[in-house]
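J.: fold the following, please.
(2 chains)
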Amino acid sequence: MEQVENRSDIETRRMELRGIVRLAGEVIAQYWPMRTFVHHNPLHSLEYLPFEDAVRRGQQFLGGDGYLPSHVYRGYLKTGRIQAAHLDAAVKPLVRDKHVVIGTHRITHGEVLRACLAEGLCTPIKEPLDDQLPDPSRNLIDRIAANLASVLTFPDLRERIRAIAEGDRAALGRWLTLSHWCDDTFGTQIVRQINDQLIKWCEAFLDEGHATWSMPERENGLYGAWKVLAAQEWSLCGIKHSRRKIARLPDHPEDALLESLDALGIPSDLRQDYLSLQLTALPGWAGFIKWREQQRDYPWQRAYPASLVKFLAIRLWYARELVHKACRNELGIEGRYDAVSAYMQNHPEEYYLRRQRVAGRLPALYAEEVDRVRHQKGNGWGAVIERYRTEVVPRQVVAARRGAARRLLALAHALEIEPTLLTESAPADLKQLFDWVEAFPESDHGPVWLKAFEAGYQDRLLGRMWTQSRRPPADEERAPPTRPCSQSVYCLDVRSEPFRRHLESIGAHETYGFAGFFAAFILYRAWGKEHDTEQFPVIMRAKHEVREIPRSYLDHRVSQHEARTKWVRAGHTLLHDLKENVVTPYVMVESLGWFYGVPILGKTLLPSLYRRCTAWLRHLFVPSLSTTLTIDKLAPAETAEMLAAEQQALVRRALQERTGVRRSRITHDLVEALRQRALNGQENLGSSLLEAAHRAGLSTETLNTLIEALRRDYDLNARSASRHKERITRMGFTIEEQVLTVDTALRMMGLTMNFARLVLFCAHGSTSDNNPYESALDCGACGGNEGKPNARVLAMMANNQKVREGLLKTGIKIPPDTHFLAGQMNTTTDEVQLFDLEDVPPTHRADLSRLQEDLREAAELTRQERCARFPDVRRALKRKNATSHVRRRGSDWSQVRPEWGLSGNAAFIIGRRELTRGLDLEGRVFLHSYDYRLDPSNRLLEVLLTAPQVVAQWINMEHYFSAVDNETYGSGSKVYHNVVGRLGIMSGPWSDLRLGLARQTVMNGDVPYHEPMRLLTIIEAPCECIDRLIARHEILRHFYHNKWVHLVTLDPEEWIWYRYRQTGTWSVIENQSNRRAFTES
Amino acid sequence: MMEGAIISWLSAGVPLLGAVLSLAVWSKPDRLKVSAILVSLVSLGANVGLSGSLTTPPEGMLLLYLLPLAACVSLLGQPVHSDHRPSWIMTLLFLGLGLGVLTNHNVVGQSFLLVLLGSLIALLFRHHTALWPISWRGIGTYGVGALCVGVSVITGPPISAVASLLTCAILLPLVPFHEGHVTALTRLPGGLPSFVVLLLPALGVHGLTTVVTAVPEVAARTVSLFALAGSLYGAIKALAQSRVRLLLAYSSLSFFSILWWFVAAARTPTPRVAVFVGAVGLVTSGLLVAWQVIRTRYGDDVDPQAISGLAFTMPRYAVLLSLLALAAMGLPPFGVFAGFMGLLLTSSLTPSVGLFVTLVAWLTASWYIMQMVQQLLFGVRRPDLRYTDLLRTEFASLMMVILVLLALGGASSNLWGPEQTAPPTSANVEAITWNK
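T.: Numbering: from 1, shown residues only, chains lettered A, B, ... in the order given. Got it, this is the predicted structure:
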């Protein structure tokens, strides 16, 4: 009984720990594999907090800055990008109604704050104790410092030390791990040591086929594999008896983690924070494990399970051993929370000196003295601190006063006050000024700057929309619409905006914006591929599978195509194996090495030509096949037939592989009998099977072995068949589902009438070379893949006569002469490729030709516009040159910015195209077409706000944080990037998985190319409708109430612009001239 | 004879007189500094002008040119500040005394050396601090050095030879007589360490070139052992240092020990020895000036660990420091490399443990010097520090060092004096200049 209770108690503790770890993992964002790069907010889990608080948490846990450095903002102020009025408005809430009189000048609190921002007075400059640089203001500074002497006093050293020790005691466990504490106090490298170990194990364990020799024991899971292998390592970070200790660890990672937490003595109320700190030490690897943990169907996770608990169990074991060792060696105490805390309380002076020494804040001689006392393990600390107090502290006080005087002098210059007045002013007044400056540290400037920065852009955008937008005419006043030449629907992506603008300017083309997955949530398998891609936003789930298959009339070419593809693959595999083998590279280098010179020279010197040549060769050897998609759902009989065919193929393969029977001797009867036997699981072999087997020359024993192998090794059994059948039934859409999909898509984009003869669904993708971030340039709404399959699916559905009949019932009448086309825009070259052209009716050839011509011209104009943004293009390029330039960029393997289109995103407009038509939005705005009149129930708007807006916000926040602190939230320079495990990027050979975007993506030199601002969502819909949706969805409340997204609406009924306030109310933006009110709100 | 003595006095007298005259502008630090720099340049000019009339010492004339240059470099590298006035005057004084030692081959020269050591002791005593108790050892070492000079004056061979050798081992540091060198480089005020690091080894090598031929074989072997131990000891100690001046003191000890080993093995004084000493001394002087640049900005006793990220914020400084570091590591085309190669190529050394040890010590320099440079130039840029790139005088100072090192690396050693190839004989005993 007692045993049962103990067991239940252990289970309870484990479950409780798993809960704590889940909460601790909130501070790190999921890390998607690179091949389907998903833009996301690195602080996504903290969106329940106000933006500023979340940024602060990010700073505390990850050490990342949430705003640009102040000097960059000051640069914007100087260039006029930030307007003085916006800055004043942003700082206004902080201003107190106080002033100080210096001479005849009346200095207000507001002026001081403004000067702090604009002149950088609050930059935390440490005044050296005795610098000797020539300084013409030195005398003046000394006089001001002398004037301050009576009022600027500093607490006694012992008091300061006590306060520091108490502060650190309070932070221990909350913001400071014991490993960090040891590093800061003893100068050890425990955190680095642990990180190095974790990187080593994670890199090997999480590898997804990149490593030539994969890590053994992975099937035991992360913790199990580590336990087996680390127990065989000779020496681990100098931990004594590490092999024995690891071997003794519990089998359950939860138990091991609990054991380590107990050994470190972490109080239960601090455990969540403590584990958060541990995770944030390697947010990349931990983030990837967090993602993988939640993907239960992910093949790699199924095969080699990893979880944050396992990760932490390993990490904490190293931490406890190394902390214990350091504390024992240095202080002779246990490496436990309570012992360390007691040490800080009982020996604050020793602790202070040690920390100052490690931080390099002691004068050199004192540093030596501290080292000496430390090594002698003596009790000379008191003498050192006493001498420090008498010799150094007075100099520090003088330096601090000089620093204060220097700031006041800078303030006087900023306010254009005669500096000598400061020497004559009352010290109390000077102190007051200094206190105002001190009370507004640079860490508080970010939110103010950001507000002013955003206001500038928002003002400009809204001002232009204000003048552009016209109130829609009432229904009775509306003129009958003219039929456009074409209608095309593009992804809402910011890169579509310039193309749409140019296409509209060329002819009578209407364009629409829509989420690039075109409402088709599909798992897609391209022809000849072995894996599915998830063609929908990562926040959704797929319901349907679609496969690409060759068109039926090409059956005779399929086998030839397959055979050639197989040859190409075999060649690749052979080359790869030869390269990776232990011995063969020695021969390879000599014999084949020089062949590699051809691609190296080609890619380097003539990238465009090289790409064209290789594409031509590839096409020559393996010509592409015209394909179609499996849109329609299979009938039950067809499903059974397909399943049987697949199983029969499997049996044939097994027969050949396991028994060596020649193909000519394998009869259909034998195959079918074997299939049935394997599925039914009966032990007795039927007479028909025995007869067929006998004809094929198989003995009974062989037959039994084969059936067992079919069931076990080839997974041919009833359970698997059922699973397989279920998967096949997910393939394709019923007619009703197709009607619903097309209806939803057309209504959401506001295209329900006046259809053109050609309607193009245009997805987007990109091409670049040597770019691990290639998928980041693809469609975010399609899970980081190209959107081509989705566009084809929707076009095929919409061309289906039965679907059109269904749509008629829902009120959408598509004219019989309207044909839907699928296409894809290459965002690197702006070229649009159209698909399934064999399905275009002959009657539409002329329309198609004209559309293609206009698409070409629009692409040329877009390229020209885009080329002007590249920093390496100094002057405007002609159309032809722009075309060759973007093609070269796309195929240049040394190009760090093959496209550079997504950076700069700043706003999301949900509304009719009339609001923005003709406006140059500089490729910075996500555009989603929406006509509120077609959405009386707000169902469509609800989808838009909870899906496309979320994707846009993730993209925006990814860019924001990568720009403000690229080292922490971004992935640093591309120059140092290394692909690891086919899943992510490391900087150099050994680092955390790098989060976010590369420096070159968001920065232009030292200046941000992407202006980091929070997303501005502009909706054309009545306020009350939006209110209802905000009340219904927590995510929207988080966005708008916590200031992650700015919301502005144009109420189409009243034709009034409103801004949504944090408090949940709307404020009117009256007109352009008093837009200041908008800014201030 | 009389004319030679006057010329020798003239060489030493220029800086000494300059030091006295400079006192006239004591109250104006900027003028005092300019005056000291001018005096050092005039001294250089005088030495170049008088070189034809001076007796060429075995190590050649190079050191006579390098000393005023090093003084000028040291003076240029210091900021204009009243605290540095004594060190400027002392620089001129030391320059005069040093030139006196190099140009006078009799009791006068030893008298100059005695005064120099006495001044050093006084200065070190003046700047002694309880936080740095081991500076007593340095003071003691120089005391022993002064005693040895006295003994060499009043006694005859072989005692005088041993006493002279000991004096050389103190001036051109050799383990276990290196404490004076370490203390001088760490405790002397202002820019004096950056001058003394060339001055004293130059005087040491000047004495060594004459005494080395006279010491018995046993003593030479002992020196050889000490030298090998010293080269490794210096390298290891340098690796363990976090303070720049200590690191440079041990680094130069390691390099000078290499020289000791070569000289003890070859026992042939040549101008190449002077090239090596001059280059090592000058590059260390340059690195000390570079460190002085940091001290000027962030205080005398700043901890180097507190400084990082200068490559971005002080690019001119970063470039010159990197070049100096390359020179200090013994890479071509700088003088240290040329000096080392000169020693290797002129001596008839066969592969041995000693050669291996010296090569290890040489290569180790790449480690600790690079570590120091990386610490300063790279890493996180600290926002709480005020960054000011090199001032004109600082730039000139570091640039001079680099140019001179390049010249030493490129010029033929014959330029500084004739190659002495004769094997050592006992007859050379008569040539010991510090003896009677």
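
J.: okay, now the domains of chain A?
T.: Segmentation of chain A into domains, based on automatic domain parsing, reads A:70-153+A:392-455, A:157-359, A:469-544+A:733-1069, A:553-605, A:636-729.

J.: out of those domains, nearest to chain B?
T.: domain A:70-153+A:392-455 (4.2 Å; C-beta to the nearest C-beta). For glycine as for every other residue, the C-beta is placed from the backbone atoms N, C-alpha and C.

J.: just give the closest residue to residue 87, not the sequence neighbours.
T.: Assuming you mean chain A. A:Ala452 (4.4 Å; C-beta to C-beta, 6 or more residues apart in numbering or on different chains).

J.: chain B was what I was after
T.: Leaving aside its sequence neighbours, B:Ser87 sits nearest to B:Gly190 (C-beta to C-beta, 6+ apart; 2.9 Å).

J.: how about low-confidence regions in chain A?
T.: Across chain A, the stretches falling below the confidence threshold (pLDDT under 70) are A:1-5, A:378, A:470-480, A:682-685, A:1071-1081.

J.: list the buried residues for the longest helix along it?
T.: If you go by DSSP state H, chain A has its longest helix at helix A:555-580. Taking 16 or more other C-beta atoms under 10 Å in any protein chain shown as the basis for neighbour counts, the residues of helix A:555-580 that come out buried are A:His561.

J.: for the closest residue in space to A:Gly811 that isn't next to it in sequence, what are phi and psi?
T.: Of all residues not flanking A:Gly811 in the chain, A:Thr752 sits nearest, at 7.4 Å (C-beta to C-beta, 6+ apart). Geometry field for A:Thr752 lists phi and psi as phi -130, psi 0, criterion degrees, to the nearest 10.

J.: close to chain B: what parts of chain A are there?
T.: A:123-126, A:128-134, A:359-369, A:387 (C-beta under 8 Å from any C-beta of the partner chain).

J.: quick one: buried ones out of these?
T.: Burial of the residues of chain A next to chain B was assessed by neighbour count (16+ other C-beta under 10 Å); the buried members are A:123, A:126, A:128-133, A:360, A:362-369.

J.: about what we covered before: tell me the contacts of the residue nearest to A:Leu87?
T.: A:Ala452 makes contacts with A:Tyr73, A:Ile82, A:Gln83, A:His86, A:Leu87, A:Ala89, A:Ala90, as judged by C-beta atoms under 8 Å, 6 or more residues apart in numbering or on different chains.

J.: next one: A:Pro1008
T.: Neighbouring residues of A:Pro1008 by C-beta under 8 Å, 6+ apart: A:Leu68, A:Val72, A:Ala963, A:Val1002.

J.: which outside residues touch stretch A:668-680?
T.: For stretch A:668-680, the surrounding residues in contact (C-beta under 8 Å, 6+ apart) are A:644, A:647-648, A:651-652, A:655, A:685-686, A:688-689, A:692-693, A:695-696, A:703, A:706-707, A:710-711, A:716-718, A:721.

J.: hang on, the earlier thing: and the next helix or strand past the longest helix of chain A?
T.: helix A:584-591 (DSSP states H and E).

J.: give the buried residues for that following helix.
T.: A:Met588.

J.: elements contacting that helix?
T.: When contacts are defined as 3 or more C-beta pairs under 8 Å, 6 or more residues apart in numbering or on different chains; DSSP states H and E, helix A:584-591 sits against helix A:555-580.

J.: contacts for whichever strand or helix holds A:Arg244?
T.: Taking DSSP H and E as the definition, A:Arg244 sits inside helix A:242-247. For helix A:242-247, the external contacting residues (C-beta under 8 Å, 6+ apart) are A:Lys227, A:Ala230, A:Ala231, A:Gln232, A:Glu233, A:Ser235, A:Leu236, A:Ile239, A:Trp317, A:Glu321.

J.: list the buried residues of that helix.
T.: Buried residues in helix A:242-247, counting neighbours by 16+ other C-beta under 10 Å, are found at A:Ser242, A:Lys245, A:Ile246.

J.: A:Asp130 is in contact with B:Pro79, correct?
T.: No. B:Pro79 lies out of contact with A:Asp130 (C-beta atoms under 8 Å); the separation is 11.1 Å.

J.: ok, now which ones touch the residue located most distally from the centre of chain B?
T.: Using C-alpha atoms, centre = their mean, the residue of chain B lying farthest from its centre is B:Pro383. It sits 36.3 Å away. By C-beta under 8 Å, 6+ apart, the residues touching B:Pro383 are A:Thr123, A:Pro124.

J.: any idea of the pLDDT on it?
T.: Note for B:Pro383: predicted pLDDT of 81.

J.: quick one: contacts for residue 335?
T.: You didn't say which chain, so I picked chain A. A:Leu178, A:Cys182, A:Leu264, A:Arg320, A:Val323, A:His324, A:Lys325, A:Ala326, A:Cys327, A:Arg328.

J.: that was the other one, I meant chain B.
T.: B:Val275, B:Gly278, B:Ala279, B:Leu282, B:Val283, B:Ala327, B:Val404, B:Leu405, B:Leu406, B:Ala407, B:Leu408, B:Gly409.

J.: got phi/psi on it?
T.: Here is the backbone geometry of B:Gly335 (degrees, to the nearest 10): phi -60, psi -30.
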